[in-house]
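K.L.:
Sequence first, predicted coordinates after that:
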Amino acid sequence: MDKKKIELLAPAGRWEALEKVAAAGADAVYLGGKRFNMRLLRPGFNFSDQELQDAANYLHQQNKRLYITVNNIYYDEEIKGLSDYLLFLEAIGVDALIIQDSALLRLHQQLGLTLPLHASVQMGLGSAEALEFLAANGVSQVILSKNLTLQEISRIHETHPMTIEFFAHGDLCISHAGKCLLSSLATGESGNRGICIKPCRWRYTLKGIIDDHDGPRYYLAHKDLCLYSHLKDLVEAGVSSFKIEGRMREGDYLAFLVGIYRRALDGIIENREDRRMLKEDAEKLEAKRVRDSSTGGLFGCTGVESIGLSGEREPFFPTSACRLERLQAEDYEEVPVAAGEGVPVAISVKAADLEMLELLLNVGINRVILGYEYMRQRRAGWNKAGIERALERTEGQAINLVVETPRVVNAAEMEPIEKLLDWIKNRPRLEVMVNEYGTLALALRKGLAVSAGPGLNLSNSTAADFFRSKGLKRLTASTELDFAKLKTMFDSGTDIEIMVHGPLYGLVTDFCPARAATGAEQANCHEACRTDDYALMDEHGQHYHIRSDAQCRNYIYYPYDLCLFSYLPRLYGAGLRHLRIDGQYYDSGQVAATVSIYREAIEKMVQGNWRERDNYIKLLQLYPRGLTAVPYFRNQTRD
């Protein structure tokens, strides 16, 4: 790497911060406008259109660069305004756009833009294969996932030539970026749109592991990131752009950070090392820290030492746990269905094992999803041997088997995924459903039949059009969408599937609360997480159940499982033709009963008949932990 090309990238939320970080030594500044931007919570921050143009001129006069954050997930009603905004940014000569939504890849092409695209950390990029896919679609620089180890960053750099950017300092979420839906599920305020209410900063009591005598603690409150002492290691691993987080910070504090990182990077660029300066600056960082500091996942799985359990340095944030909506018997409504439509509705079911598959065949399901992830709690998840048996069992039958790959696949995990895809290629009856860009790239390269899973955060028709143009078949809509936004996507004619019943995924984290509670090391794990009662309980007694995979990632779920049964006529009238039931964590008999209820009700609904109160009550009884219709249908407001 040419060390002279190392970039220090600083944030700015207001003009005074822009001037101060530029003067302190930033090579480039990233900021957002008053619209289409992830940091809109504080009205005094962000830049008007005129200020954006002035900022471009101001920085260019100093031979510095300006990057604009256009890094939300967007909805269909925003695409026209977003297109006009992109054309404006092109016209004023900004140096790059930082993007999250795949719709931007499509718009960039359709509008004939020449602006460079930088992939946001929100895209969850953790492999060279993901970079390969984005490079082929116009992206020139990527902000890698904060959850990668130093070795994984190096592996990606050695495999793909794209410019790598990495966060060096600032706030750190407990979840893999772009994979947290908890705020959206609880209140409709999406972290993928920059309005997160931060459930990770609430207190919880850990349940199902040991008696937590210490009371509620901040189990999801990650300490701040500080990689100051490891800049040289990161440069050697291939990072050439170092990003400081903090667009909502004041200019003096940001200038302080930029000055310290500037001195350290200059030493690396000039091949000199001033140990006294490095030590003094490290002490200054420690003295002015907001939270305590950590190195995140740079050197391995996030441990309890990276979590501020006590909350003693946790800044005040004005939200707290809210009472969540749980379906009641009185929530059922009789909705008239247009008789004679007769358009069929296809049902997909995610099955836990071969026993469940057998039962599904008996109730007439012809599309079964096989999750290729092992979850410790119920030993749920399929392997090649199990998939082979499923193929044998369904030989000669009109049934589609779809192998769904995990939501997170980092560089160290791509080799077994590629072997899986090669194995699938020799079994043409199998399809693949992908949830992140690395697996997507591999599956397309191998010519497989590919569908989009919920992990790709599909939220608008332009993004759907992008994925269809790449050859993807059925597309799963994001579970963050409400009914009106779903209807708009249905109206576009896109082949959209939505989940109507099953556990609501909230976030995935490399941190294991069970190990934190028991004091076990990962190498000597007691697998206390295996209990099915493993959960975080909020102040209202609501349990966010946790499941852990073979890589010890913890998946945290919304307290109530999704059930849209009562709303099927409205969804059908809006254009729903493909629905999904996730049964991988339920008992086989429970799933068979659920699927039978849905299938029989849908058959009558298609013929214009909907009188299903009794079956609705049966579903409530089948799931005593509770069911919900959010986020698709939301009736109440926060307390």
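P.N.:
Done, it's in.
K.L.:
Do a quick rundown of the strands in the stretch 401-550 of the chain.
P.N.:
Using DSSP state E, counting those that start in this stretch, the strands of the stretch 401-550 of the chain run over 430-434, 450-452, 475-476, 496-502, 505-509, 535-537, 543-548.
K.L.:
So which elements touch the second one?
P.N.:
Contacts defined by 3 or more Cβ pairs under 8 Å, 6 or more residues apart in numbering; DSSP states H and E place strand 450-452 against strand 430-434, helix 437-445, strand 475-476. (Glycine included, C-beta is placed from N, CA and C.)
K.L.:
can you tell me how far C226 sits from R65?
P.N.:
Look at C226 and R65: by Cβ to Cβ, to the nearest Å, they are 24 Å apart.
K.L.:
Between the two, which has more neighbouring residues?
P.N.:
The residue with more neighbours, out of C226 and R65, is C226; 22 against 19, by other Cβ atoms under 10 Å.
K.L.:
bridging residues for the residue lying closest to that one once chain neighbours are set aside?
P.N.:
Among residues not flanking C226 along the chain, S293 sits closest, at 3.8 Å (Cβ to Cβ, 6 or more residues apart in numbering). Under the criterion DSSP bridges, S293 forms beta bridges with D224.
K.L.:
where's S293 relative to Y228, distance?
P.N.:
Going from S293 to Y228 by Cβ to Cβ gives 9 Å.
K.L.:
repeat for S145
P.N.:
20 Å.
K.L.:
the more surrounded of the two?
P.N.:
More crowded of S145 and Y228, by other Cβ under 10 Å: S145, with 27 against 21.
K.L.:
Give me the pLDDT for that one.
P.N.:
pLDDT for S145: 97.
K.L.:
how about the nearest residue to it, chain neighbours excluded?
P.N.:
Nearest residue to S145 in three dimensions, chain neighbours excluded: G126, at 4.5 Å (Cβ to Cβ, 6+ apart).
K.L.:
What of A517?
P.N.:
Nearest non-adjacent residue to A517, counting by Cβ to Cβ, 6+ apart: I209, 4.8 Å away.
K.L.:
now R326
P.N.:
Spatial nearest neighbour of R326, chain neighbours left out: G626 (4.6 Å); criterion: Cβ to Cβ, 6+ apart.
K.L.:
go on, S184?
P.N.:
Closest residue in space to S184, ignoring its immediate chain neighbours: S190 at 4.0 Å, by Cβ to Cβ, 6+ apart.
K.L.:
bridging residues for L9?
P.N.:
A28, K243.
K.L.:
What residues does it make contact with?
P.N.:
A26, D27, A28, V29, Y30, Y67, E165, S241, F242, K243, I244 (Cβ atoms under 8 Å, 6 or more residues apart in numbering).
K.L.:
who wins for neighbours among these?
P.N.:
A26 (29 neighbours).
K.L.:
From M162, how far out is the spatially closest residue to that one that is not a sequence neighbour?
P.N.:
Nearest residue to A26, sequence neighbours excluded (Cβ to Cβ, 6+ apart): A10, at 3.7 Å. Look at A10 and M162: by Cβ to Cβ, they are 22 Å apart.
K.L.:
what about the two, which has more around it?
P.N.:
A10 (30 against 22).
K.L.:
Next up, the contacts around that one.
P.N.:
The contact partners of A10, by Cβ under 8 Å, 6+ apart, come to V21, A22, A24, A26, A28, V29, Y30, I244, L254, L257, V258.
K.L.:
nearest to A484, of these?
P.N.:
Nearest to A484 among the contacts of A10, counting by Cβ to Cβ, is Y30 at 32.1 Å.
K.L.:
Output the lowest mean pLDDT helix or strand found in this protein.
P.N.:
helix 513-518 (a mean of 84; mean pLDDT, DSSP states H and E).
K.L.:
what packs against that helix?
P.N.:
By 3+ Cβ pairs under 8 Å, 6+ apart, helix 513-518 packs against strand 205-207, strand 543-548.
K.L.:
CA atoms only for whatever helix or strand comes next after the longest one, dumped as PDB, please.
P.N.:
Proceeding C-terminally, strand 543-548 gives way to strand 554-557 as the next helix or strand, assigned by DSSP states H and E. Backbone C-alpha positions of strand 554-557 (Å, rounded to 0.1, in the frame of the first residue of the first chain) are rendered in PDB as follows:
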ATOM      1  CA  ASN A 554     -26.300 -14.400  19.700                       C
ATOM      2  CA  TYR A 555     -29.600 -13.700  17.900                       C
ATOM      3  CA  ILE A 556     -32.000 -11.600  20.100                       C
ATOM      4  CA  TYR A 557     -35.700 -11.800  19.300                       C
END
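K.L.:
Please name the strands paired to strand 554-557 in the sheet, noting orientation.
P.N.:
Its sheet considered, strand 554-557 pairs with strand 505-509 (antiparallel), strand 543-548 (antiparallel) by DSSP bridges.
K.L.:
how many other residues sit next to A574?
P.N.:
By the measure other Cβ under 10 Å, the count of residues near A574 is 16.
K.L.:
pLDDT value on it, please?
P.N.:
Note on A574: pLDDT of 92.
K.L.:
Leaving aside the residues adjacent along the chain, what's closest to it?
P.N.:
Using Cβ to Cβ, 6+ apart, the nearest residue to A574 is K487, at 4.1 Å.
K.L.:
Please tell me I have it right and K425 contacts G447.
P.N.:
Yes. Between K425 and G447 there is a contact under Cβ atoms under 8 Å: 7.2 Å.
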